[in-house]
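> For reference, the sequence and a predicted model appear below.
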Amino acid sequence: MRLVKEYVFLDSNIYVGKNEKYDILGEQYKDLIKKCCEYSAFFSLDITYGKPSFFDTLCEFEMIDMSFVHRIRDISDTNLKGAVGVGFEDMSQMIEAAQNGWLKFYNVSEKSCELLTNVTNSIFSWKFGRDGVNAERLSFYRADGSIIFCSNSKICFLDLRENEDFDDIISKSPWLSANGWSLTYLDKGLHSDSPMKIV
């Protein structure tokens, strides 16, 4: 099923000459996580610098069979954008991180979804450091391996298919419509000729 909607959420609008900060917090954060869980089969986290406080509980959901990593590589059309968006240079770097155990994958279930909503109440607290949860790059994947949502400490992406209803999520936060948008704009700032717009 083809992708029909693409959205991006930035932690500030500094790219358009202002410096207001944004986040997805509280009930909106919980709603986003629950909606991602509804359409996803598994999720990943970068756990490079030590174990977060909830690591032992998280391990209960870890995926042992790594064969699904090949599915992620095979769907590179949508996943390349997601991989670059959360800080990897390309899909091969993302796969290498998975094979080396830095990027860990977990099954989506009612309990794992509940854990994600209880660990924090902010999408941009998924980062390393004193004000973070010491795990980052929270991303969700469909059963076919394609990315539906990915994030780092400054940006989130949603790539939606026509049967995936995120209207309530999109309407409550300043998401940007990103259909046809090039990720290189992030490095250069948002330009006036960018097709992005507030939805």
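Thanks, I have the structure now.
> ranges for the strands of the protein?
In the chain, the strands defined using DSSP state E lie at 3-10, 42-46, 103-107, 136-141, 147-151, 155-161, 176-177, 197-198.
> Now for Leu138: which residues touch it?
Phe43, Ser44, Leu45, Leu116, Ile123, Trp126, Phe149, Cys150, Ser151 (Cβ atoms under 8 Å, 6 or more residues apart in numbering). Every residue, glycine included, has its C-beta placed from N, CA and C.
> Does Val4 touch Asn163 like I think?
No. Taking contacts as Cβ atoms under 8 Å, Val4 lies outside contact range of Asn163: 9.4 Å.
> more crowded one of the two?
Between Val4 and Asn163, counting by other Cβ atoms under 10 Å, Val4 is the more crowded of the two (12 against 8).
> Give me the neighbour count for the residue nearest to that one when sequence neighbours are not counted.
Of all residues not flanking Val4 in the chain, Glu162 sits nearest, at 4.7 Å (Cβ to Cβ, 6 or more residues apart in numbering). Using other Cβ under 10 Å, Glu162 is surrounded by 10 other residues.
> on that earlier part again, reformat the strands of the chain as TSV; add distance to Lys35 and mean pLDDT.
Converted to TSV, those look like this (distance: least, Cβ to Cβ, whole Å; pLDDT from 0 to 100):
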stretch	distance to Lys35	mean pLDDT
strand 3-10	13	78
strand 42-46	13	89
strand 103-107	17	89
strand 136-141	9	89
strand 147-151	9	88
strand 155-161	10	87
strand 176-177	18	80
strand 197-198	20	44
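> if we can go back for a sec, between the contacts of Leu138, which sits nearest Asp11?
Ile123 (9.0 Å; Cβ to Cβ).
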